[in-house]
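> could you work out the structure for the sequence below:
(one chain, ligands or ions: 1)
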Amino acid sequence: MGFGSDDGPIGVFRVGDAFWAIEDTCTHGRASMSEGELDGTWVVCPFHGGCVDVTTGEPTAGPITVPAKTYRTKVIDGGVYVEIPSSPRTA
Ligand code: FES
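A predicted model of the protein is given here:
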């Protein structure tokens, strides 16, 4: 699944009992990675078939060459939470 955030769209993936979050927009193009198929820990981009390991954000198959940003997740009382680092804001 994917959702919007102040840091941009984020995709959340379940692998076994663990949840992993990466930036949802493919670093190769404009595809939503959360709409891709999950194969083990790799998500396959729905546009050109590039792959990213959702546990590390590292590209595992071309044409993706740029790593995806990763986010920490926590499960609290059955809910999945994604930690989004705060960024400095200017007035
Ligand atoms: S847009 Fe994802 S591999 Fe091209």
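
> now the strands for the chain?
2-3, 10-15, 18-23, 37-39, 42-44, 51-53, 59-61, 70-76, 79-83 (DSSP state E).

> give me the neighbour count for residue 72.
12 (other C-beta atoms under 10 Å). C-beta coordinates here come from the backbone N, C-alpha and C atoms, glycine included.

> now do the contacts for it.
Shown in contact with residue 72 (C-beta atoms under 8 Å, 6 or more residues apart in numbering): 21, 82-83.

> skip the chain neighbours and tell me the closest residue to residue 50.
Excluding the flanking residues, the one nearest residue 50 by C-beta to C-beta, 6 or more residues apart in numbering is residue 64, at 3.4 Å.

> what does the protein have sitting close to the ligand?
26, 28-29, 31, 45, 47-48, 50, 63-64 (C-beta under 6 Å from any ligand atom).
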